[in-house]
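Asks: I would like the atomic coordinates for the input below:
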Amino acid sequence: MSFPTRLRSYAQLPREERRLSVRALWWIAVARAGLFLFAFTRVRAFTSRVARPGTASPAEWPQLVRRAVIRASRSLPGSTCLAQSLAAERLLLQGGCDARLSIGVAPGGSRRSLDAHAWVESGGVLVTGDDQHERYELLATLGPE
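Replies: You can find the predicted model right below:
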């Protein structure tokens, strides 16, 4: 999709979705830079710290965050599932929603390469990751069960 087409598509979104998409873009960029410079635990401590969580958001908030993260990651090529998941977790927490970040590893990997994946769920909605996340063996779950 060309830049003018993306810009038109963005302009046609409701105001709240435009703002959320910009926030998603920001948090993916922050997570990417942080993961390049620091350990995951330090980056997650920063991105999951929310001074004032929002009040109860609409029931569709996890779906709105999902669309915003997908939209933002298209604008930042090379955005990993981990950076997207950290950004989604932050946005969900800011919206007053629970977020569960999971990290898994695909079985059968070699000692030289590791096939890992991160995803976030909230209110029964898979916010980041894809339907293939079930092929990964769960290593860690961070957030409420």
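Asks: For residue 123, list the residues it contacts.
Replies: Contact partners of residue 123, counting by Cβ atoms under 8 Å, 6 or more residues apart in numbering, are 59, 62, 97, 98. C-beta here means a position set from N, CA and C on the backbone, and glycine is covered the same way.
Asks: how about a cut-off of 7 Å?
Replies: If you count contacts by Cβ atoms under 7 Å, 6 or more residues apart in numbering, residue 123 has them with 62, 97.
Asks: And for the one 4 residues further on?
Replies: Applying Cβ under 7 Å, 6+ apart, we find residue 127 in contact with 62, 65, 66, 88, 92, 120, 121.
Asks: Confirm it sits in a strand?
Replies: Yes: according to DSSP: H, G, I helix; E, B strand; the rest coil, residue 127 belongs to a strand.
Asks: wouldn't residue 93 be in contact with residue 44 here?
Replies: No: counting by Cβ atoms under 7 Å, residue 93 does not reach residue 44; the two are 11.5 Å apart.
Asks: helices or strands next to the host helix or strand of residue 139 in the packing?
Replies: In this structure, residue 139 sits in strand 137-142 according to DSSP states H and E. Packing partners of strand 137-142 (3 or more Cβ pairs under 7 Å, 6 or more residues apart in numbering; DSSP states H and E): strand 100-105.
Asks: Quick one: the helices in the protein, in order.
Replies: Using DSSP state H, the helices assigned to the chain run over residues 3-11, 15-37, 40-47, 61-75, 81-94.
Asks: which of the ones you listed is buried the deepest?
Replies: Highest mean neighbour count among the helices of the chain (mean count of other Cβ atoms under 10 Å): helix 81-94, with a mean of 26.
Asks: hmm, who's touching it?
Replies: Helix 81-94 is contacted by residues 20, 23-24, 27-28, 31-32, 35, 43-44, 47-48, 50, 53-54, 62, 65, 69, 73, 99, 101, 117-120, 122, 127-129 when judged by Cβ under 7 Å, 6+ apart.
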